[in-house]
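Student: Take a look and give me a structure for this.
(chains A and B)
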Amino acid sequence: QVQLVESGGGLVEPGGSLRLSCAASGFTFSDYYMTWIRQAPGKGLEWVSYISSRSGSAMYYADSVKGRFTISRDNAKNSLYLQMNSLRVEDTAVYYCVRPANWGSLDIWGQGAMVTVSS
Amino acid sequence: HSALTQPASVSGSPGQSIAISCTGSSSDVGDSKYVSWYQQHPGKSPKLIIYDVSNRPSGVSDRFSGYKSGNTASLTISGLQAEDEADYYCNSLTSSSTWVFGGGTKLTVL
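Tutor: Numbering: from 1, shown residues only, chains lettered A, B, ... in the order given. Predicted structure coming up:
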């Protein structure tokens, strides 16, 4: 079945780095844009970044993470990544890997990976 | 783009209908046919329940419906059931080709 599984979350100190991975299965990964969405504890959803399909040549970021986070993909491995540098306490959240069926439909969500930034 | 505006909470009794509003601007909701709604139960991942303003994915109850007028989108849930108690989020594509979410609405079934 169609599935997204995140990994790589954990505890990191402010200023540190972490790399999230998302393994996709059950669909032709290269055909889809992919996106990361996060949710701070007890808070709402926040779009973080997305990458275009196939070559992944187009990448967009929320202002809150621009210049610190980098999204990438490896179609041969059916995997999506989020490199997070210069982490801040306010980056603490569950990070979801999400497949958009189209611009108006975020239809497949992973189970989420918890990232905690704390000293 | 600022977050879309949703009421923090709504409530209703079983069998009743409720509506959740989602107010944006002319650069997101007002200018987009790509408005969607998500249901999230505690400890779970969000689930798509309405896409492209008013369409339901396969398997989603027809008790859920979506509508948009101007800069405001709305989600209506008819025939409220206990299982509908959850958080609900709206989402819109913006004129900058990014996504923006609403702050979320907690639905309580009395």
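Student: C-alpha only now, for contacts and for neighbours.
Tutor: Will do.
Student: Would you check that B:S36 makes contact with B:S92?
Tutor: Yes - if you go by CA atoms under 8 Å, B:S36 and B:S92 touch, sitting 6.5 Å apart.
Student: Now do the shared contacts for the two.
Tutor: Residues touching both B:S36 and B:S92 (CA atoms under 8 Å, 6 or more residues apart in numbering or on different chains): A:G104.
Student: Counting neighbours, go ahead and name the busier of the two.
Tutor: It is B:S92, of B:S36 and B:S92, that has more neighbours when counted by other CA atoms under 10 Å in any protein chain shown, with 33 against 29.
Student: Am I right that that one falls within a helix?
Tutor: No - counting by DSSP: H, G, I helix; E, B strand; the rest coil, B:S92 is not part of a helix but strand.
Student: what's the closest non-adjacent residue to it?
Tutor: Once flanking residues are discounted, B:S92 sits nearest to B:V35: 4.5 Å by CA to CA, 6 or more residues apart in numbering or on different chains.
Student: nearest residue to residue 36 other than its sequence neighbours?
Tutor: Here I'm looking at chain A. Nearest to A:W36 is A:C97, by CA to CA, 6+ apart, at 4.9 Å.
Student: should've been chain B
Tutor: In space, B:S36 is closest to B:Y51, 4.3 Å off (CA to CA, 6+ apart).
Student: Do you have the strands of the chain handy? List them.
Tutor: Here I'm looking at chain A. In chain A, the strands defined using DSSP state E lie at A:3-7, A:10-12, A:18-25, A:34-39, A:45-51, A:59-61, A:69-74, A:79-84, A:93-102, A:105-109, A:113-117.
Student: that answer is for a different chain, and I need it for chain B
Tutor: Going by DSSP E, chain B shows strands at B:9-12, B:18-23, B:35-40, B:47-50, B:64-69, B:72-77, B:86-93, B:99-101, B:105-109.
Student: Report the buried residues of the first one.
Tutor: What that stands for is strand B:9-12. B:S11, B:G12 (16 or more other CA atoms under 10 Å in any protein chain shown).
Student: residues in contact with the residue nearest the centre of chain A?
Tutor: The centroid of chain A falls nearest to A:W36 when counting by CA atoms, centre = their mean (3.1 Å). Shown in contact with A:W36 (CA under 8 Å, 6+ apart): A:W47, A:V48, A:S49, A:Y50, A:L82, A:Y95, A:Y96, A:C97, A:V98.
Student: Can you get me a residue count around the closest residue to the fifth one other than its chain neighbours?
Tutor: Taking CA to CA, 6+ apart, and ignoring the residues beside it in sequence, A:L82 has A:I71 as its nearest neighbour in space, at 4.6 Å. Residue crowding around A:I71 was assessed by other CA under 10 Å; the count is 22.
Student: Many thanks, have a good one.
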